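>>> using only what follows, build the 3D model:
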Amino acid sequence: MTEAKHTRDGVQPVASEHIDGLFGSESQFHRTHGFYIDGVDETTAKLPRGWRTRAVTVQTEVEGRTVIGVAPALEDLVVSKVRQVG
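Next up, the predicted model:
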């Protein structure tokens, strides 16, 4: 699975599509556990300047590939939502 859009550095964000397929709305995971997970990438939210310095980053190996998860700080997520409404 791939997405048509690209991040600012030209990389195709495929992980978000995999997350949507495995854990997204109406997936087996959703039906089993009663909630779902939205796959996102850097083009999904408009985060405030400097958000990466406040984010928590985790890195793990999965089937021989390095997978990096980035969780923006709560205040940056709130600001991104407020910007969308306004």
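>>> make it CA atoms for all contacts and neighbour counts henceforth
Noted.
>>> confidence score at V11?
With respect to pLDDT, V11 scores 53.
>>> wait, D76
At D76, the model reports a pLDDT of 90.
>>> just to confirm, which helix or strand has it in it?
helix 74-85 (DSSP states H and E).
>>> surely E42 forms part of a helix?
No. Counting by DSSP: H, G, I helix; E, B strand; the rest coil, one finds E42 to be coil, located in no helix.
>>> and it, how far from S80?
Here the criterion is CA to CA, to the nearest Å. By it, E42 lies 12 Å from S80.
>>> ditto for G21
From G21 to S80 the distance is 25 Å (CA to CA).
>>> okay, those two: which has more neighbours?
G21 (18 against 15; other CA atoms under 10 Å).
>>> A helix includes the more buried one, no?
Yes. According to three-state DSSP, the state of G21 is that of a helix.
>>> tally up the residues packed near the residue nearest to it when sequence neighbours are not counted, please.
Excluding the flanking residues, the one nearest G21 by CA to CA, 6 or more residues apart in numbering is S27, at 6.8 Å. Neighbours of S27 under the rule other CA under 10 Å: 16.
>>> low-confidence ranges, this structure, go.
Residues of the chain meeting the criterion pLDDT under 70: 1-13, 83-86.
>>> helices along that one, start to end?
Under the criterion DSSP state H, the chain contains helices at 15-23, 28-33, 51-54, 74-85.
>>> helices and strands around the longest one, which ones?
Spelled out, it's helix 74-85. Applying 3 or more CA pairs under 8 Å, 6 or more residues apart in numbering; DSSP states H and E, we find helix 74-85 packed against no helix or strand.
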